[in-house]
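Colleague: coords please:
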Amino acid sequence: MDILRTQPLPFDANQVTPGVVGFAATVLVAVAVMLLMWDFNRRVRRINDRAHIKERIEAELAEREAQEAAAGRAAAGDAATGASPAPSSPDTASDDAP
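Modeller: Residues are numbered from 1 along each chain as shown. Purely as a prediction, here's the structure:
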């Protein structure tokens, strides 16, 4: 082992560069990282969009349930006071048939 260390190197160790192979490997790693970041962004955006849509649907359902509950309370209030609902069409307004 000592024999290898005592022999001078055929090149300057401070001046050695990785060359074309090192450059190509670095470019491949950089491209792979950019593609992974692009895919990650796409997936996170999709998850956020789905969460936003789910919240919107839940809000619409809650609003619909509140409207139905209010309509049910109004109908119960009309029934309790003995008021009858107004006829919805002219055909049901009179019992006289021509």
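
Colleague: helices of the protein, residue ranges please.
Modeller: Along the chain, counting by DSSP state H, helices occupy 2-6, 19-81, 90-93.

Colleague: to residue 13, which of those lies closest?
Modeller: helix 2-6 (12.5 Å; C-beta to C-beta). C-beta coordinates here come from the backbone N, C-alpha and C atoms, glycine included.

Colleague: any chance of the helices of the chain in CSV, plus mean pLDDT?
Modeller: As requested, these are arranged in CSV below (pLDDT from 0 to 100):
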stretch, mean pLDDT
helix 2-6, 63
helix 19-81, 93
helix 90-93, 54
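
Colleague: could the ones you listed be laid out in CSV, adding mean neighbour count?
Modeller: Shown next, in CSV, are the helices of the chain (neighbours: other C-beta atoms under 10 Å):
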stretch, mean neighbour count
helix 2-6, 6
helix 19-81, 10
helix 90-93, 8
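
Colleague: quick check: which of these is nearest to residue 12?
Modeller: Nearest to residue 12, of all these, is helix 19-81, at 15.0 Å by C-beta to C-beta.

Colleague: follow-up on the earlier one: dump the helices of the chain into JSON lines; add distance to residue 13 as well.
Modeller: Output for the helices of the chain, formatted as JSON lines (distance: least, C-beta to C-beta, whole Å):
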{"stretch": "helix 2-6", "distance to residue 13": "12"}
{"stretch": "helix 19-81", "distance to residue 13": "15"}
{"stretch": "helix 90-93", "distance to residue 13": "102"}
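
Colleague: how about the contacts made by residue 67?
Modeller: Residues near residue 67 by C-beta atoms under 8 Å, 6 or more residues apart in numbering: none.

Colleague: how near is it to residue 59?
Modeller: According to C-beta to C-beta, to the nearest Å, residue 67 stands 13 Å off from residue 59.

Colleague: what of residue 20?
Modeller: 58 Å.

Colleague: then residue 26?
Modeller: Where residue 59 is concerned, residue 26 sits at a distance of 49 Å (C-beta to C-beta).

Colleague: same thing with residue 53?
Modeller: Counting by C-beta to C-beta - residue 53 and residue 59 are separated by 11 Å.

Colleague: also residue 72?
Modeller: 20 Å.

Colleague: equivalent analysis for residue 75, please.
Modeller: Counting by C-beta to C-beta, the gap from residue 75 to residue 59 is 25 Å.
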